[in-house]
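# Any chance you could fold what I've pasted below:
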Amino acid sequence: MTTSVKQQHLSAPERTWLEEGRHLSGIQITQPSSSSPHQLPDWVDPVLLKEGQAFVQRHLFSVLFAHLVSLLFLLAYAPVRSVLLVTRRSSTPQKSKLRYASTLLHVKKWYEGDLLPADGKAPTVADIGKVCRIHAGVVSRVRQHFDDSQVKVGTEVDLDVVQIDEEAGVGQGIRDDFARYFKNVGETEQDSNNNNDTTTQDGTPEFFFEGADPIPPIISQLDMAITQFCFMGFVPLFPRTFGLPPDEDAVGVKGFLHMWALLGHLLGIRPQFNLALPENESRRALVWTSVLIPSLAECAPQTWRLWSALVQGLNSVIPFLKLEALLVFVGKRLINVDKEDCNVWSELTLTQRVSFYMLNACFTSWVKFSLGRRFFNAMVRLAIKKLAKV
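Residues are numbered from 1 along each chain as shown. A predicted model of the protein is given here:
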């Protein structure tokens with residue numbers, strides 16, 4: 001599937017949606033709305049929820065790897081990156097491993113648990129409430145670092161005082177090569193549309209710098225929507241990239257989206273920002289082309305350190321995984337750039353090239369067969385058990 005990576009001109013409704021989302025709080029401090037069927041939106045379909053959970057179990061490896069890839073984009077998104085840098089919970093491989101192991105275990109509970117208990121009370125619902133309280137706690141911690149007048153979501157103006165541990169760094173040369181690798185994608189497709197450029201000089205989408213008053217919340221509805229998209233959007237957008245077989249029943253993907261629509265609702269995402277709902281399908285493309293790809297192409301130094309910490313932290317459970325190989329996989333399989341561009345391929349070590357070929361083989365052949373899919377699903381379940389002991 002070919003995906004445009006240009007900075008598309010934003011229509012008035014698109015700009016309004018982005019600005020509204022940026023200024024509405026995404027934090028739900030209280031317990032989430034009961035998931036008792038009679039207290040939920042009328043669009044909730046128990047049958048589709050079960051289809052979605054069954055879909056995840058059939059394709060667990062593909063779904064969780066899609067989540068891993070989406071984290072590269074999420075860590076590059078300035079508001080999320082800023083919060084992570086301030087809280088310092090992802091600044092070293094060990095911290096990153098602990099953080100993402102925790103996230104994975106939460107999501108696993110949601111994928112396997114009862115989302116519609118008869119009395120509205122279940123471990124799954126309680127776990128979602130715990131995540132809501134964690135988000136509220138993060139906001140409190142960030143506010144301790146900065147006065148309200150200094151906190152501007154989507155900018156780096158506050159980060160001069162934020163330090164990140166050096167052991168998570170990467171070489172300047174290879175970082176610059178990858179910066180050119182991703183930037184060339186956007187520049188090539190923007191040449192014929194220069195008048196519609198919607199980025200600032202540093203490559204960040206301009207809507208993040210508009211309307212400074214009132215000061216946006218630290219975690220906004222837009223941030224929640226983009227985070228939700230990173231968990232649920234890559235599977236339906238790139239099913240073949242992540243090895244879903246052509247004969248996969250569309251009901252499974254539909255159920256997966258429906259499950260995330262409910263999860264988004266329980267996490268406090270307003271209907272107009274709940275990107276898993278069918279009526280918001282067009283906004284998924286907006287988030288992909290106008291937020292996530294430009295964020296990735298920026299290749300900020302802080303982003304590279306977070307990426308490196310993430311991959312190094314996961315090496316104990318995915319020993320062959322290399323950051324550079326993962327980024328080439330993203331460029332080649334998701335945003336359609338040639339792996340030989342900008343000297344990136346020639347700069348890779350033999351180990352990094354082998355890592356790329358293994359990733360590519362996983363999803364172009366191995367997981368497409370039932371036996372291979374079962375094997376990798378079993379391996380990822382073992383990895384989850386290992387992470388649960390961390």
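# which residues of the stretch 201-350 of the chain score low on pLDDT?
Filtered on pLDDT under 70, the stretch 201-350 of the chain yields the residue ranges 201-216, 337-343.
# switch to 90 and redo it
Within the stretch 201-350 of the chain, the ranges that satisfy pLDDT under 90 run 201-220, 245-251, 289, 294, 296-305, 315-319, 331-348.
# which stretches of it form strands?
Taking DSSP state E, counting those that start in this stretch as the test, none of the stretch 201-350 of the chain falls into strands.
# Tell me which other helices or strands the strand or helix carrying residue 137 touches.
Secondary structure assigned from DSSP states H and E places residue 137 in helix 123-145. Under the contact criterion of 3 or more Cβ pairs under 8 Å, 6 or more residues apart in numbering; DSSP states H and E, helix 123-145 touches helix 78-87, helix 93-112, helix 250-266. Placement of C-beta: from N, CA and C, glycine included.
# could you redo those as TSV and give each row mean neighbour count?
Formatted as TSV, those follow (neighbours: other Cβ atoms under 10 Å):
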stretch	mean neighbour count
helix 78-87	22
helix 93-112	18
helix 250-266	22
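# nearest to residue 304, of those?
Of all the helices and strands packed on helix 123-145, helix 78-87 sits nearest to residue 304, with 10.6 Å by Cβ to Cβ.
# if we can go back for a sec, and the helix holding residue 137, which residues are buried?
124-125, 127-129, 131-132, 135, 138-139, 142 (16 or more other Cβ atoms under 10 Å).
# Just give me the closest of these to residue 19.
If you rank those by distance to residue 19 using Cβ to Cβ, residue 139 comes first, at 20.4 Å.
# related to what we said a few turns ago, tell me which of the helices and strands packed on helix 123-145 approaches residue 62 most closely.
Taking Cβ to Cβ, helix 250-266 is the member of the helices and strands packed on helix 123-145 nearest to residue 62, at 11.1 Å.
# residue contacts, residue 74?
80, 226-227, 230 (Cβ atoms under 8 Å, 6 or more residues apart in numbering).
# tell me which element it is part of?
Using DSSP H and E, residue 74 sits within helix 60-76.
# quick one, that helix and helix 250-266 angle?
Going by axes from the mean of the first three to the mean of the last three Cα atoms, to 10 degrees, helix 60-76 is angled at 40 degrees with respect to helix 250-266.
# could you give the angle of helix 60-76 to helix 93-112?
If you take the same axes, to 10 degrees, helix 60-76 sits at 130 degrees to helix 93-112.
# how many degrees apart are helix 60-76 and helix 78-87 in direction?
Helix 60-76 runs at 80 degrees relative to helix 78-87, counting by the same axes, to 10 degrees.
# which parts of helix 60-76 are buried?
By 16+ other Cβ under 10 Å, the buried positions in helix 60-76 come out as 60-76.
# tell me how far it is from the chain's mean position?
Its chain's C-alpha centre lies 6 Å from the corresponding centre of helix 60-76 when counted by Cα atoms, centre = their mean, to the nearest Å.
# for it, what is the average pLDDT?
The average pLDDT for helix 60-76 rounds to 96.
# Could you export that helix as CSV, CA atoms only?
C-alpha atoms of helix 60-76 as CSV (Å, rounded to 0.1, in the frame of the first residue of the first chain):
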residue,chain,number,x,y,z
LEU,A,60,-0.1,-11.8,18.5
PHE,A,61,3.5,-11.6,17.1
SER,A,62,2.4,-9.3,14.2
VAL,A,63,0.2,-7.1,16.4
LEU,A,64,2.9,-6.6,19.1
PHE,A,65,5.6,-6.0,16.5
ALA,A,66,3.4,-3.3,15.0
HIS,A,67,3.2,-1.8,18.5
LEU,A,68,7.0,-1.8,18.7
VAL,A,69,7.3,-0.1,15.3
SER,A,70,4.7,2.5,16.3
LEU,A,71,6.7,3.3,19.4
LEU,A,72,9.4,4.7,17.1
PHE,A,73,6.9,7.2,15.7
LEU,A,74,5.4,7.9,19.1
LEU,A,75,8.8,8.7,20.7
ALA,A,76,9.5,11.1,17.8
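# quick one: terminal-to-terminal distance for stretch 84-103?
End-to-end span of stretch 84-103 (Cα to Cα, to the nearest Å): 14 Å.
# what's the neighbour count on residue 361?
Residue 361: 12 surrounding residues under other Cβ atoms under 10 Å.
# element containing it, please.
Assessed by DSSP H and E, residue 361 sits inside helix 350-364.
# Please name the residues that touch the closest residue to residue 306 other than its chain neighbours.
Leaving aside its chain neighbours, residue 306 sits nearest to residue 75 (4.5 Å; criterion: Cβ to Cβ, 6 or more residues apart in numbering). Residues in contact with residue 75 (Cβ under 8 Å, 6+ apart) are 81, 84, 90, 303, 306-307, 310.
# Contacts for the helix holding residue 361, please.
The contact list for helix 350-364, computed with Cβ under 8 Å, 6+ apart, reads 62, 65, 241-243, 320-322, 324-326, 328-329, 332-333, 339, 345, 348, 376.
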